[in-house]
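Student: could you work out the structure for the sequence below:
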Amino acid sequence: MAQPLVKKDDDRDDEEYSPFLGIEKGAVLQDARVFNDPQLDPRRCSQVITKLLYLLNQGETFTKVEATEVFFAVTKLFQSRDIGLRRMVYLMIKELSPSADEVIIVTSSLMKDMNSKTDMYRANAIRVLCRITDGTLLTQIERYLKQAIVDKNPVVASAALVSGIHLLQTNPEIVKRWSNEVQEAVQSRAALVQFHALALLHQIRQNDRLAVSKLVTSLTRGTVRSPLAQCLLIRYTSQVIRESTGSTQAGDRPFYDYLEGCLRHKAEMVIFEAARAITELHGVTNRELTPAITVLQLFLSSSKPVLRFAAVRTLNKVAMTHPMAVTNCNIDMESLISDQNRSIATLAITTLLKTGNESSVDRLMKQITNFMSDIADEFKIVVVEAIRSLCLKFPLKYRALMNFLSNILREEGGFEYKKAIVDSIVILIRDIPEAKESGLLHLCEFIEDCEFTYLSTQILHFLGIEGPRTSDPSKYIRYIYNRVHLENATVRASAVSTLAKFGAMVDSLKPRVFILLRRCLFDSDDEVRDRATLYLNTLGGDGSVVETDQDVKDFLFGSLDVPLVNLETSLKTYVSRLTLLDLLEASEEPFDINSVPKEIKSQPLAEKKAQSKKPTGLGAPPSGPASTVDAYERMLASIPEFSNFGRLFKSSAPVELTEAETEYAVNVVKHIFDRHVVFQYNCTNTIPEQLLENVIVAVDASEAEDFTEAGSKPLRSLPYDTPGQTFLAFEKPEGVPAVGKFSNTLRFIVKEVDPTTGEAEEDGVEDEYQLEDLDVVAADYILKEQVHNFRHAWENMGPDCERVDEYGLGQRESLNEAVSTVISLLGMQPCEGTEVIPSNSRSHTCLLSGVYIGNVKVLVRLSFGIDSSKEVAMKLAVRSEDVTVSDAIHEIVASG
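Tutor: Here you go, the predicted structure:
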């Protein structure tokens, strides 16, 4: 019995306990009664306040009554002359933030302390008063605060300046009146006073660029002595340089010279701040970088870990944009790979991987191998991503880098770390054809002992796409079929799908794949059995070695080109319609996947009214995207005038034809058919005393020559605040993206409504209301369609129907403006995030996909470039299933 007790005591000696462990609010509030004792115990009172502050900072909430009682009890402690207790009282009052009627209780005590001979009292009283006071009381103590700013005691002056920084958020007009005193404080010899004064002065002037520029110009002449203030000034100088990039170089030069001069400062923090500021300058040249890189290189060999870390982190960022400028530091960074601080070592390695040359790759790999086992997963992920970039930079070194990735893939690690490695190998396989076979084998070996279901399914899916295209696909079958026996149901189902893909693409493997799929018919999981049955029937389960139909390949390899929510809704509609037809003993056509809408239509109607007013018609935000799609289709099919127009290709988002807060709210939805365009005008009457009847929209199509009016459906009645629709159809050439401008006028008979009875008068007056013009543009004939693997889709589309041409887009404000203009012109879906342009980029490639009217798939690759004069050039490559559609896309761009 004795030994376990001794062991327990030994363990207890090693543990650390919080002094606040187990304290409760109720008990502490009971202890707070000591504040009312006639003979105050300063030590005991300080302990109770400490516990109260702990509770507040841990998120404990006090009721109004509890907070008031504690506040009044704390105010009684002002009678104690103990300096330590007084500081705790100040803290407690700040944390409690008393209400306006309670502040009065302590105001007199705090103002007395603010004029005390004890500097500690004065400084803390200023901080507390500025925290709890309002604008009215602030004007009364403003004179004292101005005096405190220029006080000889630096503690008091800093307290007033920091309070000014906080007050600037709530009472800026008062604080701005202190500019003279703050400017005087900037010349103080006390380091912290100068630092706080400069920060406050900049905040006062931050909205005036000229004033900030003058401030920087005056202070860069050498009047700032405090290292902290110097660091602030360097940041403000960098800001001025950034904002004046459009001005002449001569105006920027003195500021840059100041930054370069700070590299010779005696304070290390100033040197580093200046070096970092130079490296972050927009358009910095190698010549300007050289002195900053030299200083950072010296920091790499510093004895202080913080300096080594700061230097290598800054060089890591520089290596992303100017790798050659950092190469001189490579020898120093190699010595940091064995640094005790793992963060420094990780940054050193990733920087070396960015700046190293092809000959240094093998040496780096040897050093990294010993290093990887000593760092956490988050650092390993950074190294893996750097290795991936290096491999893409030097493709000939893929063997060494791929072997390294496969070795660390077998080691212990968390999900994110393993996912980063797998993603890297997949990218290398896709971008370096020579790496495909070895990379796939590495992935196959990994899934033999993979504990993450997600990674196993992803690798199996990738293997099903790339494996059949290798020189010997049969060698992967063993790895795939092992998953059917050794894994959970999710992985087994994925393995069955992968086997089917091998059977579809490699005819010689079909008999073996059929045998394996038949074995899967006896699996314990429904999903696995169902998939095996489906694929056996799809591939033709007789086991004969015949070429797989293209339709089967498209089914197995093609991406689902319709949103799942739309497919689900369409299937539900089909089933309900089928049930009804069964009751009527009518025949029904089989379900057609082409009937499923390919676009999730959102309805972002601008808020034209107050929240009490209803949105107009189907332009209202729907309960779900698919419900709106089906609602449009059902509604148009139910109108006899439009029922023979065929399948609806696309419906646009509502276009506003009236401004906000007008008498009548009207927006229009454009419904595109193969030979027709239907305008659905959603109308709302916002005048309570009026009833509108026989509402139609008269359209002047003189600027739309290709359109001929084909029918209309007026709105019989439009009561107050009740949405209604009127329709107008136009015929156009079949399959042609006809464009034009339509002038719209709302015509109706208006009848006065009795506000007491709500009944309308019998006689009405004809009236009309002018609406905004409506444009039908080329983008209306292109449906957005998301493509998750653009490269795969582009290669599958083939070059047969490709059209390539170059265009000059003229002068643009930025590359971003040019890209956005072309995307909106074509109305296609940006893929893989290519609509986002990196900052300071001079060139960019944007990938778009869509479906052209007639259900023709289109892929577009846009390559942009911008020169120093902001002239933008664009190369447009289009691939589609029809060469005439590729030509049509080029015509849209040429005429746009």
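
Student: helices of the stretch 201-350 of the chain, residue ranges please.
Tutor: Using DSSP state H, counting those that start in this stretch, the helices found in the stretch 201-350 of the chain span residues 209-219, 227-243, 249-262, 268-279, 286-300, 305-321, 323-326, 330-335, 342-355.

Student: just put these in CSV and tack on mean pLDDT and mean neighbour count.
Tutor: Backbone N, C-alpha and C define where each C-beta goes, glycine included. CSV is the format used below for these (pLDDT from 0 to 100; neighbours: other CB atoms under 10 Å):
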stretch, mean pLDDT, mean neighbour count
helix 209-219, 85, 16
helix 227-243, 88, 20
helix 249-262, 68, 15
helix 268-279, 91, 23
helix 286-300, 88, 18
helix 305-321, 89, 20
helix 323-326, 82, 18
helix 330-335, 84, 17
helix 342-355, 83, 24
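
Student: which one of those helices lies nearest to Arg81?
Tutor: Set against Arg81 and scored by CB to CB, these come closest in helix 227-243, at 34.4 Å.

Student: and the closest one with helix 209-219, angle?
Tutor: 130 degrees (axes from the mean of the first three to the mean of the last three CA atoms, to 10 degrees).

Student: show me the contact partners of stretch 447-463.
Tutor: If you take CB atoms under 8 Å, 6 or more residues apart in numbering as the criterion, stretch 447-463 is touched by 410, 415, 418-419, 422, 426, 440, 443-444, 446, 476, 479-480, 482-483, 487-488, 490-491, 494-495, 497-498.

Student: circling back: how about the helices of the stretch 201-350 of the chain in CSV, adding distance to Ala873?
Tutor: CSV is the format used below for these (distance: least, CB to CB, whole Å):
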stretch, distance to Ala873
helix 209-219, 33
helix 227-243, 27
helix 249-262, 26
helix 268-279, 31
helix 286-300, 27
helix 305-321, 23
helix 323-326, 27
helix 330-335, 37
helix 342-355, 30
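
Student: which one of the ones you listed lies closest to Ser886?
Tutor: Nearest to Ser886, of the helices of the stretch 201-350 of the chain and by CB to CB, is helix 305-321 at 37.0 Å.

Student: on that earlier part again, so which of the contacts of stretch 447-463 are in helices?
Tutor: 415, 418-419, 422, 426, 440, 443-444, 446, 479-480, 482-483, 490-491, 494-495, 497-498 (DSSP state H).

Student: about what we covered before: who wins for proximity to Ala704 among the helices of the stretch 201-350 of the chain?
Tutor: That would be, of those and by CB to CB, helix 227-243, which comes in at 47.1 Å.

Student: pLDDT below threshold where in the stretch 751-896 of the chain?
Tutor: 788, 838-840 (pLDDT under 70).

Student: hey, where'd the helices end up in it?
Tutor: Under DSSP H, counting those that start in this stretch, the stretch 751-896 of the chain gives helices at 790-797, 815-826, 883-895.

Student: now, of those, which is deepest in the fold?
Tutor: Using mean count of other CB atoms under 10 Å, the stretch among the helices of the stretch 751-896 of the chain with the largest mean neighbour count is helix 815-826, at a mean of 19.
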